[in-house]
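Participant: Need a 3D model of the sequence below.
(chains A and B)
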Number of protein chains: 2
Amino acid sequence: MTITAELLTIGDELLYGQVVNTNAAWMGAELGARGIRVVQITSVSDEAAAIVAALDAARTRATAVLITGGLGPTKDDLTKHVLARYFGSELVLHEPTLRHVEEIFRRFNRPMLDVNRAQALVPAVCEVVPNPLGTAPGMWFEADGVVLVSMPGVPFEMKRMMTDTVLPRLAERFRPAVLRHRVVQTIGLGESFLAERISAWEDALPPYLKLAYLPNMWQLRLRLTGIQPDHLTAEQLDAEMSERVAALYPLIGEHIFAEGETTLEEVIQQIFIDKNMTLATTESCTGGYVAHRLTSVPGSSGYVRGGVVAYDNAVKQAVLGVRPETLAAHGAVSEETAREMAEGARRALGADVALATSGIAGPGGGTPDKPVGTICIAVADAAGTVSRRFQFDRGREINIQYTAVQVLELVRRRVLG
Amino acid sequence: MTITAELLTIGDELLYGQVVNTNAAWMGAELGARGIRVVQITSVSDEAAAIVAALDAARTRATAVLITGGLGPTKDDLTKHVLARYFGSELVLHEPTLRHVEEIFRRFNRPMLDVNRAQALVPAVCEVVPNPLGTAPGMWFEADGVVLVSMPGVPFEMKRMMTDTVLPRLAERFRPAVLRHRVVQTIGLGESFLAERISAWEDALPPYLKLAYLPNMWQLRLRLTGIQPDHLTAEQLDAEMSERVAALYPLIGEHIFAEGETTLEEVIQQIFIDKNMTLATTESCTGGYVAHRLTSVPGSSGYVRGGVVAYDNAVKQAVLGVRPETLAAHGAVSEETAREMAEGARRALGADVALATSGIAGPGGGTPDKPVGTICIAVADAAGTVSRRFQFDRGREINIQYTAVQVLELVRRRVLG
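Facilitator: Here you go, the predicted model:
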């Protein structure tokens, strides 16, 4: 039987926008990677009637309904009680869960409260899904061929339960369809221009291959999704998708920086480590964000020497050796200053390559000459220094992110040579 | 007539988890702030049948259906065509939109393609919602007393259209219910312990006041939501909510750092600016993330001098003056090194206060003595230096975030005195 999934996330905080639904994105990606297509994501309030209506509807659309949220120890958490009533089942004590909860409280040397003890109560008709990292157990129900699994909304608890128990059990219980994704990551070409370049390629795609454009800042991911048709084996589908992807290179190759869900900073790390080179950052307008992105990648200590957040001009001079004359003649936001920042960071931190950002992220700080969104970036290495200036204003947060992508791409092209 | 909203986000990328649904969170918060309750968020695939089914269902639940996604110029974007068929309407050319699209292409000095021109086609029965920042127009439909608005999925385009047109028009068209939120931000006390301390307070809440616990890392937001009952005016509801919030302070006051949707870094900025003090950061395991969080706040250049990302030990020595003996005797991840980092950053960057982080974020780098998740933090000021060591491992990303919250809270308590 083919499996399709619906994700049902419960909690007023999602509806009020006080929490972003990152759980659903993570679950969608993990399920998709295992050939399980998510047909809908539904978020409803912590109200019994809304939860019941959503459960009824989800069961008509999907063969697996994965529920998160509403399992905490506090009074606003209703999911367990609603599920017990929904399946006409009493809450009973689950001894292994009680021992697990007691063990957690012992380990943290904290007194156990009645509400914590109550977490070991589960509907009699469910199977418990262990929650190694938390106190609220997961619950696995089956009814009329549909599986319903309830998990806590705490991301790291849910992820561990999915990986350890729920995903393997779903693969056992259903035979997932062959669903393949190929992602091609591009940078520096707008959506409609890219679409025009690959228009003939796209028109020639067979019906079982579907293309999506996923733009984000200056980057654009192309996602080719294949659903195995009757006349192809899984291997033939894979081979055809590889051929189709290869045929993109003559069309847009200079804009492709990776295949798969690889980030720009992961690509940069691989290049630096392959070439045995080191990198330093110095940031003004991006305030540490570029360093944060680079060092979020495991293993980044293998090539990142460090960085300087040079917010104040005194720091630019004292730590990076930017000349007062340069600051006076061109200002902090200038290609000249960015170049000296990069060269200074390279020297001060002893790195092969250094990047620099300086700009007016806004909302304040703009002038007629240099309005908000004036951004200068530079990259220095043994061969010299390159710099760019551009204008981009979509609000502080986006300006910071856009500047980061620009300077990372400048580094990538520079070290690739 | 009371208004309720449903958010319908269209796009396979949401279901496959390739994009996180931040649009829905933003819309939920903006609508909530205007007294419009979101009853459901639904994400469906770029398939006509799925979109139509979701539209049919949403109209039974809500009086306003806000749709995002699927309006791009490429072939995977179906929403406009589906809406035209759904309302039995032809696509017609909207002249002002065509002129707006032409103007955008003129400004960027780019050739205009047929697919761009086609963006000016809209269903005859809709009113156009202008999209000042992009080429895809929004569409406002009304049927049987229900408003349906379609907007692009590009966040900054959608946000501008909501703010300029959609939110004001919804407020005009419906009379939003009085819905109030009060958020109390706490730090350093676990969910069940906090719940126990305020248990009597919570039990005494009247039925029109609802409490939610929103834990995130070491922080926990308490959200009190009030829906105006018949026997109270809006002012009386506000006054009662203020009293209830005030009554929390005797119970958990030492853990409250703010009211409202204020972040820890905004609170810190306010304290530093009020006290006319400056801050420097130095980070090893957090790799620039603390500086990024601080400098994401507009106006942070008023007190942040800068920072040093000291990934490599040579940088810790050369830039911060950490002594080689300290590194040799205690290692880079130690309270001793964190203290010297903070003191060195304070000196090198000329700041009143400096913070430092050093730890093993993982997944590599752990030892039996110092496993992954061993974290040391320090804060130095004119009066001296404080440090903490703790153990916390939930994976690299969470370890970095948790360390940041810990060191920010140490700074906050230190400067508050």
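
Participant: State the pLDDT value of the nearest residue to residue A:155 once chain neighbours are set aside.
Facilitator: Leaving aside its chain neighbours, residue A:155 sits nearest to residue A:23 (5.8 Å; criterion: C-beta to C-beta, 6 or more residues apart in numbering or on different chains). C-beta coordinates here come from the backbone N, C-alpha and C atoms, glycine included. On pLDDT, residue A:23 comes in at 95.

Participant: Please tell me how far residue A:23 sits from residue A:30.
Facilitator: The gap separating residue A:23 from residue A:30 is 11 Å, by C-beta to C-beta, to the nearest Å.

Participant: now swap in residue A:228 and tell me
Facilitator: For residue A:228, the distance to residue A:30 equals 20 Å [C-beta to C-beta].

Participant: what do you get for residue A:144?
Facilitator: Taking C-beta to C-beta, one finds residue A:144 at 25 Å from residue A:30.

Participant: Who has more neighbours out of those two?
Facilitator: Taking other C-beta atoms under 10 Å in any protein chain shown, residue A:144 and residue A:30 do not tie; residue A:30 has more neighbours (16 against 5).

Participant: tell me which element that one falls in.
Facilitator: Per DSSP states H and E, residue A:30 falls inside helix A:22-33.

Participant: Following that helix in sequence, what is the next regular element?
Facilitator: Counting by DSSP H and E, the element after helix A:22-33 in chain order, helix or strand, is strand A:37-44.

Participant: Toward the C-terminus, what is the element adjacent to that next one?
Facilitator: Once the chain leaves strand A:37-44, the next helix or strand it forms, by DSSP H and E, is helix A:48-61.

Participant: So which bits of that following helix are buried?
Facilitator: A:50, A:51, A:53, A:54, A:55, A:57, A:58, A:59, A:61 (16 or more other C-beta atoms under 10 Å in any protein chain shown).

Participant: what's the distance between the first one and residue A:214?
Facilitator: By that I understand residue A:50. 31 Å.

Participant: Contact partners for residue A:147?
Facilitator: Counting by C-beta atoms under 8 Å, 6 or more residues apart in numbering or on different chains, residue A:147 touches A:63, A:64, A:65, A:140, A:141, A:170, A:173.

Participant: Please confirm that it is located within a strand.
Facilitator: Yes - assessed with DSSP: H, G, I helix; E, B strand; the rest coil, residue A:147 lies in a strand.

Participant: What distance do you get for it to residue B:85?
Facilitator: Using C-beta to C-beta, we find residue A:147 at a distance of 35 Å from residue B:85.

Participant: Likewise for residue A:99?
Facilitator: In terms of C-beta to C-beta, residue A:99 sits 58 Å off from residue B:85.

Participant: cool, residue A:334 as well?
Facilitator: According to C-beta to C-beta, residue A:334 stands 54 Å off from residue B:85.

Participant: And the two? Which one has more around it.
Facilitator: Counted by other C-beta under 10 Å, residue A:334 and residue B:85 do not tie: residue A:334 has more neighbours, with 19 against 13.

Participant: check contacts around the closest residue to the more buried one other than its chain neighbours.
Facilitator: Nearest in space to residue A:334, with sequence neighbours left out and distances taken as C-beta to C-beta, 6+ apart, is residue A:376 at 5.8 Å. Residue A:376 makes contact with A:333, A:334, A:335, A:337, A:338, A:357, A:358, A:359, A:387, A:388, A:389 under the criterion C-beta under 8 Å, 6+ apart.

Participant: Residue B:189: which of these is nearest?
Facilitator: residue A:357 (38.5 Å; C-beta to C-beta).

Participant: What is the neighbour count of that closest one?
Facilitator: Residue A:357 has 28 neighbours, counted by other C-beta under 10 Å.

Participant: Following the helix or strand harbouring it in sequence, what is the next regular element?
Facilitator: Residue A:357 belongs to strand A:353-359 when assigned by DSSP H and E. Note on strand A:353-359: by DSSP H and E, the next helix or strand toward the C-terminus is strand A:374-381.

Participant: quick one: strands adjacent to that next one?
Facilitator: In the sheet, strand A:374-381 lines up against strand A:353-359 (antiparallel), strand A:384-391 (antiparallel) (DSSP bridges).

Participant: List the neighbours of the last one that are in contact with it.
Facilitator: This means strand A:384-391. A:334-335, A:338-339, A:342-343, A:371, A:373-379, A:406, A:410, A:414.

Participant: run the last query once more with 7 Å
Facilitator: With contact meaning C-beta atoms under 7 Å, 6 or more residues apart in numbering or on different chains, strand A:384-391 is reached by A:335, A:338-339, A:342-343, A:373-379, A:410, A:414.

Participant: what do you get for stretch A:114-134?
Facilitator: The contact list for stretch A:114-134 (C-beta under 7 Å, 6+ apart) reads A:73, A:83-84, A:87, A:89-94, A:97-98, A:101, A:105, A:135-141, A:149, A:151-152, A:154, A:156-157, A:160-161, A:165-166, B:192, B:195.

Participant: Show only the entries of these found in strands.
Facilitator: Counted as lying in strands by DSSP state E, out of these, are A:91, A:92, A:93, A:138, A:139, A:140, A:141, A:149, A:151.

Participant: Most neighbours among these, please name it.
Facilitator: That'd be residue A:151 among those, by other C-beta under 10 Å, with 29 neighbours.

Participant: I figured that residue hits residue A:68, correct?
Facilitator: Yes - applying C-beta atoms under 7 Å, one finds residue A:151 in contact with residue A:68, separated by 5.2 Å.

Participant: shared neighbours of the two, anything?
Facilitator: By C-beta under 7 Å, 6+ apart, residue A:151 and residue A:68 have these common neighbours: residue A:158.

Participant: and residue A:312, how many neighbours does it have?
Facilitator: Residue A:312: 21 surrounding residues under other C-beta under 10 Å.
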